[in-house]
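J.: Sequence first, then the predicted structure, then my questions.
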Amino acid sequence: MVTLPENFENYEEARREGFLKVKALKEKGVPVVGIFCTYTPIELIHAAGAVAVSLCGTSDEPIHYAERHLPKNLCPLIKSSYGFAISEQCPYFYFADLLVGETTCDGKKKMYELLNEIKPIHVMHLPQGQDMDHAFVYWREELLRLKEVLEKTFNVEITEDILREEIKERNRERKILMDFYELGKLNPSPISGCEINETIEALGFQFDRKSQCDFISKRTKELKEKYEKELKSTKSNRPRILITGCPVNGVRNKVLKTIEESGADIVAFENCSGVREKMTLVDETIDPIDALTEKYLNVSCSVMTPNPRRFEALDEMIDEYQIDGVIEVVLQACHTFNVEAYNVKKFVTEKKHKPYLYIETDYSELDMGQMNTRINALLEML
C-alpha cells in the first residue's frame, strides 16, 4: 500500500497536490527516479519505464533540518535538498524508488552518503575533464553501470531500440524547450526572465511529458504572436541581461526579480536551470550509449577542468541574445563556480567588452539591501 507522510495534512496545498500526483503514479506501478543534475542521462531512466523527476532543493524552508547534520557554511542547494529529504517535505523524494546522483562537487557526494541511509542512491562518477582520451571511455562505463542498475532495480531490459526511441523523444523535447528559451532573442522580449525560470522549474516536477511539450509549444506560440502583433514595432531601451553561474531557482525572488524590477530584462540563462544541457542534441545516428556519453560528457559545468565549452556558449549567447551585461550568480561555498568566475569576468569584460557583475549569495534574505545596491549600480552603467 502506498502511504502519505504522517504530517501530510499540515502541508500547504501545492505540496499536498505534489504528493497526491506522485502517489497516483506509484499506485499505477510506475517507478519514480529522483535526480539532482543535468549530467543525469534521463533517456536511460525513461527507457527503463520509469519517470525522472527533479528533487526539491530551492527553498531555505528545510535548511534548519539539514544543519542538524551538515555544516552551516555549505552550499544552500545541498542543504535544501537534504533538508527536504529528511523532513519528508519533498513528495518526489518521499515516493522515489531510486535516486541518481553524480560527483559534481565534494559537498554533494558526501551528502549522498547520508541520503543513502534513507533511500537507495546510485552515484555516477564524473571524469574531471572532457577532452582527455580516457574521459569518454570512463564516462561510457558509468552510463553502462547506470543502465545495469536500472535494469536490475526495475526488472527490465533496456534494449537498443527502446533507447533510440527515448533519445529521439528527448531531442524533440529539447528543441521545444530551446524554442521557448530563444524567445529571449527577440527585442523586446515577450517574456520576463522570472517567468522563463518559473516555467522551466515547474516542468521538472511534471510527469506527463506530452502535456509538458504541448504546454510549452502553446506558450511559445502565444508569445511569438504577441511579439508580432504588439511588440515588434518598438525596440526596448531596457538593458538586456544574461545570467550565468549556478542554478538560480532558489534565489529567483531575491536576484532575478530584483534585476527586472530595477529596470532590466533577463533574456538568457547560461546555467543548469537554463540552456546549458539543452543547447546540443544527442546524435541519433550512432550507437546510443556512445551518443549519450558524448552528449552528457560535454555539459559545460565548472566541475570540468578545463571548461572551454562554457566560454564557447557565453561567446555565442552574448552575440545572439544581444546582451548588454552579464550577471554571474554563485551560491555560497560553490568553489568551482567561485574560482571559474575570475576567468568568466576576464572573458566578458576583455573579449566581449561587456559589463559584468559577480553575486555570491545563499537562500536567505540577509543580503537583499547590498544586492539591490550592486545591481542598480551595474544597471546605471548600462
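T.: Nice, I can see it.
J.: Is it correct that H122 falls within a strand?
T.: Yes - using DSSP: H, G, I helix; E, B strand; the rest coil, the secondary structure at H122 is a strand.
J.: For it, give its distance to K109.
T.: For H122, the distance to K109 (CB to CB, to the nearest Å) stands at 12 Å. Every residue, glycine included, has its C-beta placed from N, CA and C.
J.: cool, K345 as well?
T.: Distance from K345 to K109, by CB to CB: 28 Å.
J.: do the same with E157
T.: 30 Å.
J.: who has more neighbours, these two?
T.: Shown here are E157 and K109; by other CB atoms under 10 Å, K109 has more neighbours (15 against 9).
J.: Distance-wise, check the more buried one relative to C37.
T.: 11 Å.
J.: now do S54
T.: Between S54 and C37 the computed distance is 9 Å (CB to CB).
J.: between those two, who's got more neighbours?
T.: Taking neighbours as other CB under 10 Å, S54 and C37 compare with C37 leading, 23 against 20.
J.: any idea how far the more buried one lies from M317?
T.: C37 is 21 Å from M317, where distance means CB to CB.
J.: Over to L186?
T.: Distance from L186 to M317, by CB to CB: 14 Å.
J.: what do you get for K79?
T.: K79 is 30 Å from M317, by CB to CB.
J.: now do L242
T.: 6 Å.
J.: So for those two, which residues contact both of them?
T.: 268, 270, 323 (CB atoms under 8 Å, 6 or more residues apart in numbering).
J.: Let me know the closest of those residues to V329.
T.: In terms of CB to CB, no member of those lies closer to V329 than E270, at 10.8 Å.
J.: neighbours of the spatially closest residue to that closest one that is not a sequence neighbour, just the number please.
T.: Distance criterion CB to CB, 6 or more residues apart in numbering; nearest residue to E270, sequence neighbours excluded, is T244 at 4.3 Å. T244 has 27 neighbouring residues, counting by other CB under 10 Å.
J.: Next, T244: phi, psi?
T.: T244 has phi and psi values of phi -130, psi 170 when expressed as degrees, to the nearest 10.
J.: My guess is it contacts G325. True?
T.: No - applying CB atoms under 8 Å, one finds T244 not in contact with G325, separated by 11.2 Å.
J.: looking at the protein, which helix or strand does the model trust least?
T.: Using mean pLDDT, DSSP states H and E, the weakest-scoring helix or strand in the chain turns out to be helix 13-27, at a mean of 80.
J.: other SSEs contacting that one?
T.: strand 32-35, helix 91-94 (3 or more CB pairs under 8 Å, 6 or more residues apart in numbering; DSSP states H and E).
J.: Extract the CA atoms of the last one and return them as PDB.
T.: Okay, so that is helix 91-94. What follows is helix 91-94, C-alpha atoms only, in PDB (Å, rounded to 0.1, in the frame of the first residue of the first chain):
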ATOM      1  CA  PRO A  91       6.900  14.300  -2.500                       C
ATOM      2  CA  TYR A  92       9.300  13.300  -5.200                       C
ATOM      3  CA  PHE A  93      12.000  12.100  -2.700                       C
ATOM      4  CA  TYR A  94       9.400  10.500  -0.400                       C
END
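J.: what's the following helix or strand after it?
T.: Sequence-wise, the next helix or strand downstream of helix 91-94 (DSSP states H and E) is strand 98-102.
J.: Return the distance of that following strand from the chain's centre.
T.: 15 Å (CA atoms, centre = their mean, to the nearest Å).
J.: quick one: contacts of it?
T.: So strand 98-102 is contacted by 31, 33-37, 39-40, 45, 50, 52, 55, 93, 108-109, 112, 115, 119-126, 146, 149-150, 153 (CB under 8 Å, 6+ apart).
J.: any low-confidence regions in the protein?
T.: Within the chain, the ranges that satisfy pLDDT under 70 run 1-2, 4-15.
J.: What segments of it are strands?
T.: In the chain, the strands defined using DSSP state E lie at 32-35, 51-54, 98-102, 121-124, 240-245, 265-270, 325-331, 356-361.
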